[in-house]
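Trainee: when you get a sec, could you give me coordinates for this:
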Amino acid sequence: HLVRTFLKRTLFLVPVGITFADLVGSISPVEGRSMQPTLNPDAKRGDVVFVNKWSVRKWQIDRGDIVALWSPSQPGTMLAKRVIGIERDVIRSSVVLFCRSPGCDAHTHTH
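Mentor: Model (predicted):
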């Protein structure tokens with residue numbers, strides 16, 4: 001009877017947990033120094049964050065938010081980065097102007 005109850009609960013909770021992690025969010029460890037001092041301020045132990053997938057699905061991302069994304073150069077590695085611009089923002093660096101507005105060249109060099 002005990003094994004049967006355990007299996008019933010497991011068969012119910014595992015799909016619920018997977019669906020929650022896929023649609024709503026999950027807990028993820030953060031390692032490395034690229035987000036210091038916000039995350040991993042002492043670099044001796046990693047932080048743990050809640051990755052909110054619900055906000056992304058509803059396009060509720062704003063400047064200053066920290067987002068998680070898969071690394072394009074290192075498959076299987078997840079990165080944490082701060083959002084510095086949103087749609088229609090113009091982001092300038094000392095080398096290249098990135099622009100998404102009409103009439104703007106995405107590779108215009110600035111000096």
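Trainee: next one: phi and psi at residue 20?
Mentor: Phi and psi for residue 20, reported as degrees, to the nearest 10, are phi -60, psi -50.
Trainee: could you measure from it over to residue 82?
Mentor: As judged by C-beta to C-beta, to the nearest Å, residue 20 and residue 82 stand 26 Å apart. (C-beta placed from N, C-alpha, C; glycine too.)
Trainee: ok, residue 27 next?
Mentor: 20 Å.
Trainee: so between the two, which is more surrounded?
Mentor: For residue 27 versus residue 82, the count of surrounding residues by other C-beta atoms under 10 Å is larger for residue 82: 13 against 9.
Trainee: just give the number of residues close to residue 47.
Mentor: By other C-beta under 10 Å, the residues close to residue 47 number 15.
Trainee: tell me the contacts of it?
Mentor: By C-beta atoms under 8 Å, 6 or more residues apart in numbering, residue 47 lies in contact with 29, 30, 39, 40.
Trainee: in what helix or strand does the residue nearest the centre of the chain lie?
Mentor: By C-alpha atoms, centre = their mean, the chain has its centre lying nearest to residue 68, at 1.5 Å. If you go by DSSP states H and E, residue 68 is part of strand 66-70.
Trainee: so which elements touch that strand?
Mentor: Applying 3 or more C-beta pairs under 8 Å, 6 or more residues apart in numbering; DSSP states H and E, we find strand 66-70 packed against strand 47-52, strand 78-82.
Trainee: what are the buried residues along that strand?
Mentor: residue 68 (16 or more other C-beta atoms under 10 Å).
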